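Asks: Show me the folded form of this:
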Amino acid sequence: MKGKINKMFSSDSMLIFVFIGLMLSILTVVRGNIKLLTDDAAVIMFMNALWVLILGFGTMALLAVFMHLKNHKERIYTEDIENGEKFK
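Replies: Okay, here's the model as predicted:
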């Protein structure tokens, strides 16, 4: 049971960090393309502020999910395993 719980936690953790990386890369590409589209300093500053807010809140939300899974992994994954066995 412990091995299965640790495997599930590891895969969920990797998925969370992949999402953080994808979010960073996609937002950076979009930010770079907007800089190519306009020379207006106000628009660029607004987009930079928006980039920081989205990246900050998105990262913090995903890290909160990670911490929740880490702190309660026994209860969460045990329940998940038990519920999965009911449907077999």
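
Asks: May I see the buried residues of the helix ranked longest in the chain?
Replies: Once the chain is assigned using DSSP state H, the helix that runs over the most residues is helix 2-37. Within helix 2-37, the residues scored as buried using 16 or more other C-beta atoms under 10 Å are 5, 8-9, 12, 20, 27, 31, 34. Bear in mind the C-beta positions are built from the backbone N, C-alpha and C, glycine included.

Asks: and what of stretch 56-68?
Replies: Judged by neighbour count using 16+ other C-beta under 10 Å, the buried positions of stretch 56-68 are 62, 66.

Asks: Can you spell out which helices and strands pack onto the helix or strand just after the longest helix of the chain?
Replies: Per DSSP states H and E, helix 2-37 leads on to helix 41-71 as the next helix or strand towards the C-terminus. Counting contacts by 3 or more C-beta pairs under 8 Å, 6 or more residues apart in numbering; DSSP states H and E, helix 41-71 is packed against helix 2-37.

Asks: which stretches of the protein have low pLDDT?
Replies: 88 (pLDDT under 70).
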